[in-house]
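K.L.:
I'd like to go over a predicted model; first the sequence, then the structure.
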Amino acid sequence: MSLNKAPENNVFYRNQNWHYPRITHGKGIYLYGENGKEYIDACSGSAVANIGHGNTEIAEFAREHIKRIAFTHLDRWTVDSIEKCARQVSDKAPGSLNHVYFVSGGSEATETAIKMARQFYIERDGKNTKKWKVISKWNSFHGNTIGSLSMTGIKERRSIYEPMLLDFPKIPQFYHYRNQWNCATLRETSIKSAEALETEIVKQGKENISAFISEPVVGSAAPGVHPDKIYFEMVKEICRKHDIILIIDEVMSGYGRTGRYFAIEHFGITPDIITTGKGMSCGYTPLGAAIANDEVFSTIMVKGSGQFIHGHTFAGNPLSCGIAGKVMEIIEREGYVKNCEQMGEYLMKKLESLYNYSMIGDIRGKGLMIGIELVKDQKTKEPFPFELKMKAKVTSNLLDEGIVVYPGGGTVDGIRGDHFLLAPPINITRDEVDELFKRLDAGIKKTTETIQ
Ligand code: PLP
C-alpha cells in the first residue's frame, strides 16, 4: 500500500496524500476491495458498523420502511418508528435518562447537549444567568463543528480554527500512561484529574459554568483510555455540589461497544445528559441523539417555556430511527453486548504478547474499544518523531496484511504521539478474533522491521 496521491475524481477527500482503496461490498467483519482484496474491518469504520456489514435483516427492514414513508419533519409530525426508537433508547439508558432528542450524528449530539444545558439554566434561573461555559479536557474528542470543536481537546484539529472557537476551559484527561502528576496507579491519576475539575470550576466561578463533558472511555483522541471508578464518582459529586450539568459523551462508546450497553455503566453513576451517534444505527443510516434526564427535560419542556430552541432538518429521520430500533433489537436478541465483553477480554489477553515489539508502549481499553499507543522507546515512553509518520506507516502495513484500524496522533504534545484504535464489530466470533490478531501481529512485525 503506497501513500501516494488520492485518485483524481470529484470527491473532496480529507487527505490528498492517502491512496483510498475502493470498497465494493462488505459482509460481517469483512470489507472487500475492487481487486478482490479482503480486509478485516478492525475499527468498524470508526466504531460505527458495530453489528457488521451487509446485514440482510436491516436491508429488508429499510426497504419496507422506505416504501412506507420517506421523510416527515419532526417539527410537525410523529411516526411510529421514531417513538419506538426513543422508547428503546430510554429503556436501555440508566436512571431517568428518558427523553431522546434526535440528531444526525455525534457533533450535532454534543452541540445539542450544550445548548440544552444553557437553556436549562435560562429556564430555571432566568435570562440573566451567566452560566454558559462548558469545561472539557485535553486529549478528548467531541466533534468537528465549531461548538463541538470548542470542547474537543486535540490541538492539531483546533489550531487553524482557534480564532473561531468558543472560550471553553480545558483540564487534563485521566490519561494514566502519560499523567502529568507522576501518579503510580490509575486510581491516583483518576483522583488528581477529578480534583482538576473542581479547581477549574472555582477558578472560573461556578456561576459561569453550565456543563462538564467527558467521554467515559476515550475514543479517537487517546483510544481506550479510561479512569478508575472513583473518577466519575468524584465528578458526579463535584457537578452536583457546584450546580453543573454532567454530560457523558457516548458517541463512540455507546450501544454495547465496551461490553456494557452504555460505557458509563462501568462506573456506576448516572449523568444528566448522554450523547450518542455512530453505533446507534451502525452506519446503515446516519443518526445521533442527546438523551436528557427528567430534570433537564421537565425544566425546559414542562415547567419552562415548553420549547427547546434548536433543531435540524434530519433530526428524527423516520428511516434512521427505524433502523436504529432494528439494530437495538438485534443487539438484544443476539446477546452482542455480552459477546463484546467476552471477545474483548479474549482479544486483550492475546494483545499482551505485542509488548514483545519495542514499538508498543501501551495497550488499554474496555470491551472491544481498545487503544494501542506506539513509542520509540518502551522504557522512557519517548514517542516517534512526527516526521516519521508512524501512524500512517503502521496503518499502511496493516492494510497490506488485510486489516484496517483507526489511526490517530498528537497525544503527547499535540503533534507527537501515535496510536490506533481497535474496535471490530461487536458480533465478532472467537475464530475471527484469532484471524484479526494474526494479521495485526504480522503488520506490526513488518513495521518494527522497517524502523530498525
Ligand atoms: N464525540 C465522540 C466521543 C466521538 O468519538 C465523535 C466522533 O468520532 C464525535 C463526538 C463526533 O461525531 P461525528 O463525527 O458523528 O460528528
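P.N.:
That came through, no problem.

K.L.:
CA atoms for contacts and neighbours, from now on please.
P.N.:
Fine.

K.L.:
now the element after the host helix or strand of Ser396, going C-ward?
P.N.:
Using DSSP states H and E, Ser396 maps to helix 390-400. Remark: after helix 390-400, the chain's next helix or strand is strand 403-404, criterion DSSP H and E.

K.L.:
what packs against the next helix or strand after that next one?
P.N.:
Using DSSP H and E, the next helix or strand after strand 403-404 towards the C-terminus is strand 406-409. When contacts are defined as 3 or more Cα pairs under 8 Å, 6 or more residues apart in numbering; DSSP states H and E, strand 406-409 sits against helix 390-400, strand 418-422.

K.L.:
would you mind finding the most buried of the ones you listed?
P.N.:
The highest average neighbour count among these, using mean count of other Cα atoms under 10 Å, belongs to strand 418-422 at a mean of 27.

K.L.:
which strands and helices sit next to that one?
P.N.:
strand 369-374, helix 390-400, strand 406-409.

K.L.:
contacts for stretch 393-413, please.
P.N.:
1-3, 37-43, 45-46, 139, 154-156, 178, 220-222, 383, 391-392, 415-423, 436, 439-440, 442-444, 446-447 (Cα atoms under 8 Å, 6 or more residues apart in numbering).

K.L.:
with stretch 281-288 instead?
P.N.:
Contacts of stretch 281-288 (Cα under 8 Å, 6+ apart): 48-52, 58, 102-106, 108-109, 251, 275-278, 280, 315, 319-321, 323-325, 327.

K.L.:
quick check: Pro21 vs Ile29, distance?
P.N.:
17 Å (Cα to Cα, to the nearest Å).

K.L.:
compare the two (neighbour count), which wins?
P.N.:
The neighbour count for Pro21 versus Ile29, taken as other Cα atoms under 10 Å, is higher for Ile29 (25 against 15).

K.L.:
backbone dihedrals for the more buried one, please?
P.N.:
phi -90, psi 0 (degrees, to the nearest 10).

K.L.:
tell me the contacts of it?
P.N.:
Going by Cα under 8 Å, 6+ apart, the list of residues near Ile29 reads Ile40, Asp41, Ala42, Ser44, Gly52, His53, Pro424, Pro425, Ile428.

K.L.:
which parts of stretch 70-90 are buried?
P.N.:
Residues of stretch 70-90 classed as buried by neighbour count (16 or more other Cα atoms under 10 Å): 72, 74, 79, 81-90.

K.L.:
among these, which one sits closest to the ligand?
P.N.:
Among those, Val89 lies closest to the ligand (Cα to the nearest ligand atom), at 17.8 Å.

K.L.:
mean pLDDT and distance to Gly268 added to the helices and strands packed on strand 418-422, as JSON lines?
P.N.:
Output for those, formatted as JSON lines (pLDDT from 0 to 100; distance: least, Cα to Cα, whole Å):
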{"stretch": "strand 369-374", "mean pLDDT": "98", "distance to Gly268": "19"}
{"stretch": "helix 390-400", "mean pLDDT": "96", "distance to Gly268": "35"}
{"stretch": "strand 406-409", "mean pLDDT": "96", "distance to Gly268": "29"}
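
K.L.:
for Tyr406, name its beta-bridge partners.
P.N.:
Leu421 (DSSP bridges).

K.L.:
for Ala222, see how far away it is.
P.N.:
11 Å.

K.L.:
repeat for Gly205
P.N.:
29 Å.

K.L.:
okay, the two: which has more neighbours?
P.N.:
Taking Gly205 and Ala222 together and counting by other Cα under 10 Å, Ala222 has the greater number of neighbours (31 against 12).

K.L.:
so what's the more buried one up against?
P.N.:
Asn139, Ser140, Tyr175, Gly371, Thr411, His419.

K.L.:
in three-state terms, label it for me.
P.N.:
coil (DSSP: H, G, I helix; E, B strand; the rest coil).

K.L.:
over to the one 10 residues further on?
P.N.:
Taking three-state DSSP as the rule, one finds Phe232 in the helix state.

K.L.:
the ligand: which of the contacts of Ile29 is nearest?
P.N.:
Ser44 (11.9 Å).

K.L.:
where does the protein have low pLDDT?
P.N.:
Within the chain, the stretches with pLDDT under 70 are 1-7, 452.

K.L.:
flag every residue of it that's near the ligand.
P.N.:
105-107, 141-143, 215, 219-220, 249-252 (Cα under 6 Å from any ligand atom).

K.L.:
which among the residues you listed end up buried?
P.N.:
Looks like the residues of the chain next to the ligand have 105-107, 141-143, 215, 219-220, 249-252 buried, using 16+ other Cα under 10 Å.

K.L.:
just give the nearest non-adjacent residue to the residue of the chain found nearest the ligand, would you?
P.N.:
Residue nearest to the ligand within the chain (Cα to the nearest ligand atom): Gly106, separated by 3.1 Å. Counting by Cα to Cα, 6 or more residues apart in numbering, Gly106 lies nearest to Gly277, which is 4.8 Å off, once chain neighbours are set aside.

K.L.:
ok, longest helix in the chain?
P.N.:
Using DSSP state H to define each element, the chain has its longest helix at helix 430-451.

K.L.:
how close does the residue of the chain closest to the ligand sit to Gly365?
P.N.:
Gly106 is 21 Å from Gly365, by Cα to Cα.

K.L.:
roughly how far apart are the nearest residue to Thr185 once chain neighbours are set aside and Arg187?
P.N.:
Using Cα to Cα, 6+ apart and skipping residues adjacent in sequence, the residue nearest Thr185 is His176, 7.6 Å away. According to Cα to Cα, His176 stands 9 Å off from Arg187.

K.L.:
again, but for Ser148
P.N.:
If you go by Cα to Cα, the gap between Ser148 and Arg187 works out to 29 Å.

K.L.:
who has more neighbours, these two?
P.N.:
Legend: neighbour count by other Cα under 10 Å for Ser148 and Arg187, higher for Ser148 (22 against 17).

K.L.:
pretty sure the more buried one is in contact with Ser107, am I right?
P.N.:
Yes: using Cα atoms under 8 Å, Ser148 is in contact with Ser107, at 5.9 Å.

K.L.:
which neighbours do those two share?
P.N.:
His142.

K.L.:
now the contacts of Ala222 in a markdown table, with distance to Asp125?
P.N.:
Shown next, in a markdown table, are those (distance: Cα to Cα, whole Å):
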| residue | distance to Asp125 |
| --- | --- |
| Asn139 | 33 |
| Ser140 | 30 |
| Tyr175 | 36 |
| Gly371 | 42 |
| Thr411 | 39 |
| His419 | 44 |
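
K.L.:
which one of those residues sits closest to Ala117?
P.N.:
The closest of the contacts of Ala222 to Ala117 turns out to be Ser140 (Cα to Cα; 19.5 Å).

K.L.:
the closest one: what's it in contact with?
P.N.:
Thr152, Gly153, Ile154, Gln173, Ser214, Glu215, Val218, Gly219, Ser220, Ala221, Ala222.
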